[in-house]
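Engineer: Here you go, sequence then predicted model.
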Amino acid sequence: MNEPTGHEGDSTGYEDNSAGYEDEPAGYAADGPTSTRLVGARRDRGTSVGSVMRAVGVRPAWLVVGGVALAWGVAAAFTASPTLPTWLRYGPLAVSLALFGLPHGAVDHLAPARAAGHRPTVTWLLAVGVLYLVLGSAYGFLWWLLPVASAALFVALTWFHWGQGDVYALDALGARHLDGRGVRVGTLLVRGGLPMLVPLLGHPKEYRAVVGAWVALFGSEFDAAWIASPTVRIALGGGFALLTIGTLLAGRRRDGGRVWLLDAGETVLLWGYFLLVPPLFAIGVYFCVWHSLRHIARLIAVDPASRAAFRERGTVPALLRTGRDALPLTVVSVLLLVGIAVVGDVAVGTQADLQAAAALYLVFISVLTLPHVAIVTWMDRAENAGLAPLVSKQ
Ligand SMILES: CC1=C(/C=C/C(C)=C/C=C/C(C)=C/C=O)C(C)(C)CCC1
Ligand SMILES: [Fe+2]
């Protein structure tokens, strides 16, 4: 079968049956009892998912997150307590509405079929639509009913999802040290905990304020002063540091090669980054250039047309090709969010307004995140990635 080059045509973007789909999930080759080493997106000729991941998911993330961490470190060395102007603090979150962040989930209607080696059909689109409708509205209702529990669920869900995304990326790069159950689960918990827990250690006030703003949208208050108390933070930070060190050491014992070194380097970078940089800004940047770009690399790798664009024309054409898939539902999502903001009378004039607008956006994201996580977990099963090998190889 020939590799397709940019098929266009019917509603799913394909005009014939030679789009490079095979009726089997692929991309991973098992080489041990719990192993899921990725050996190239569905035995593709010439493009491995590893090269897409390096170009799209790893290099830009290091450049931006490393650059921000460095800039903040330098600023902190020269000023006692550096602060960010308001526009910059909310900037990355605002950018994520259009660039990488929100769009990374707006391909969910096409991605699971592609991950399973199928062409997206109307049945796939309907199934994803119903899933979004059911899980999204259930979670929206839960926010209204139990805001504080819903906020906790959002943090827990993101912890899992961002951890699962990084485990996928490490597998894509050819990690051999994640073959064991403990290291795989530990790595997921460490990678997810870096953005979800570490900001609390260095910036407890802002952490509480952000979560407080979510529940305030529903007329509730987030008291929980205890989570910001030094004792709790020292205990949580100490426990998480032990988990980080234990997981990295256990991984090195399995295989201390190149990808382990990258894993260790990223872990140290993210520890420093989330400890130092103000959380809202740090998470906004991370959401765009770390989590979303790594997922977009995956989207490119599972789509024959994007993969061909990457191989033949490079990174930017491949991103544009995936961006085209993401455009319609990104526009629908932004319109929906603006509609909710108008009905809810959320403005963006003052500082307090901005805090409420950012809270509305994050709660909106949470409602989309529940079905998104279900879909990515389903994709992990189809590609035998994430935690799936631990379940399938028992
Ligand atoms: C902003 C922020 C927080 C949480 C952000 C979350 C939970 C974002 C989730 C985004 C998702 C799930 C995007 C889609 O993949 C914390 C850590 C509570 C406090 C510090 C500031
Ligand atoms: Fe995601």
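Structural biologist: The structure has been received and is ready for your questions. Numbering: from 1, shown residues only. Ligands and ions are numbered 1, 2, ... in the order given.

Engineer: For the stretch 101-250 of the chain, what lies in contact range of ligand 1?
Structural biologist: 154-155, 158, 161, 196, 199, 207, 210-211 (CB under 6 Å from any ligand atom). C-beta: built from backbone N, CA, C; applies to glycine.

Engineer: helix/strand/coil for the closest residue in space to Leu320 that isn't next to it in sequence?
Structural biologist: Closest residue to Leu320 apart from its sequence neighbours, by CB to CB, 6 or more residues apart in numbering: Ala309 at 7.8 Å. At Ala309 the chain is in helix, as set by DSSP: H, G, I helix; E, B strand; the rest coil.

Engineer: Find the closest residue to ligand 1 in the stretch 51-200 of the chain.
Structural biologist: Thr158 (4.0 Å; CB to the nearest ligand atom).

Engineer: Which residues are in contact with that residue?
Structural biologist: Residues near Thr158 by CB atoms under 8 Å, 6 or more residues apart in numbering: 192, 195-196, 369.

Engineer: what about it, which helix or strand?
Structural biologist: helix 147-172 (DSSP states H and E).

Engineer: okay, and for the stretch 251-394 of the chain, where does confidence drop off?
Structural biologist: In the predicted model of the stretch 251-394 of the chain, residues 392-394 satisfy pLDDT under 70.

Engineer: and it, which residues reach ligand 1?
Structural biologist: 279-280, 283, 287, 291, 362, 365, 369.

Engineer: ChimeraX command to pick out the buried ones of those residues?
Structural biologist: Of those, the buried ones can be selected in ChimeraX as follows, counting by 16 or more other CB atoms under 10 Å:
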select :279,280,283,287,291,362,365,369
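
Engineer: Quick check: of the residues of the stretch 251-394 of the chain next to ligand 1, which lies closest to Gly182?
Structural biologist: Set against Gly182, the nearest of these by CB to CB is His291 (23.8 Å).

Engineer: give me every residue that touches that closest one.
Structural biologist: Per CB under 8 Å, 6+ apart, neighbours of His291: 104, 162, 165-166.

Engineer: Val155: what's its closest spatial neighbour, skipping adjacent residues?
Structural biologist: Met196 (5.4 Å).

Engineer: for His372, same thing?
Structural biologist: Gly105 (4.6 Å).

Engineer: wouldn't the one you found be in contact with Val373 here?
Structural biologist: No. Using CB atoms under 8 Å, Gly105 is not in contact with Val373, being 9.7 Å away.

Engineer: picking up where we left off before, what are the buried residues along the helix holding Thr158?
Structural biologist: 147-148, 150-151, 153-155, 157-172.

Engineer: now swap in stretch 196-212 and tell me
Structural biologist: 196-204, 206-212.

Engineer: Next: stretch 130-141.
Structural biologist: For stretch 130-141, by 16+ other CB under 10 Å, it's 131-132, 135-136, 139-140.

Engineer: ok, now stretch 311-327?
Structural biologist: Those would be 311, 315, 318-319, 321-323, 325-326, for stretch 311-327 by 16+ other CB under 10 Å.

Engineer: Greatest separation within the residues you listed: which pair is it?
Structural biologist: Arg311 and Ala326 (20.5 Å).

Engineer: distance of the closest residue to ligand 1 within the chain from Phe141?
Structural biologist: The nearest approach of the chain to ligand 1 comes at Pro279, 3.4 Å away (CB to the nearest ligand atom). Distance check for Pro279 against Phe141: by CB to CB, to the nearest Å, it reads 28 Å.

Engineer: ditto for Trp62
Structural biologist: In terms of CB to CB, Trp62 sits 40 Å off from Phe141.

Engineer: okay but Ala250 is in contact with Gly180, surely?
Structural biologist: Yes. Using CB under 8 Å, Ala250 is in contact with Gly180, at 7.1 Å.

Engineer: Between these two, tell me which one has more neighbours.
Structural biologist: Using other CB atoms under 10 Å as the criterion, Ala250 and Gly180 rank with Gly180 on top: 19 against 15.

Engineer: what does whichever helix or strand Leu262 is part of contact?
Structural biologist: Taking DSSP H and E as the criterion, Leu262 maps to helix 258-276. Residues from elsewhere that reach helix 258-276, judged by CB under 8 Å, 6+ apart: 58, 62, 65-66, 68-69, 72-73, 76, 166, 170, 173-177, 187, 190-191, 194-195, 198-199, 201-202, 244, 248, 251-252, 282, 286.

Engineer: okay, it in PDB with CA atoms only?
Structural biologist: This file holds the C-alpha atoms of helix 258-276, laid out as PDB (Å, rounded to 0.1, in the frame of the first residue of the first chain):
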ATOM      1  CA  ARG A 258      19.500   7.900  27.000                       C
ATOM      2  CA  VAL A 259      15.700   8.200  27.500                       C
ATOM      3  CA  TRP A 260      16.100   7.600  31.200                       C
ATOM      4  CA  LEU A 261      18.500  10.500  31.300                       C
ATOM      5  CA  LEU A 262      16.000  12.700  29.400                       C
ATOM      6  CA  ASP A 263      13.300  11.600  31.900                       C
ATOM      7  CA  ALA A 264      15.500  12.600  34.800                       C
ATOM      8  CA  GLY A 265      16.400  15.900  33.200                       C
ATOM      9  CA  GLU A 266      12.800  16.700  32.500                       C
ATOM     10  CA  THR A 267      11.700  15.800  36.000                       C
ATOM     11  CA  VAL A 268      14.400  18.100  37.500                       C
ATOM     12  CA  LEU A 269      13.500  20.900  35.100                       C
ATOM     13  CA  LEU A 270       9.800  20.700  36.000                       C
ATOM     14  CA  TRP A 271      10.400  20.500  39.700                       C
ATOM     15  CA  GLY A 272      12.400  23.800  39.500                       C
ATOM     16  CA  TYR A 273      10.000  25.400  37.100                       C
ATOM     17  CA  PHE A 274       6.800  24.700  39.100                       C
ATOM     18  CA  LEU A 275       8.500  25.500  42.400                       C
ATOM     19  CA  LEU A 276       9.700  28.900  41.200                       C
END
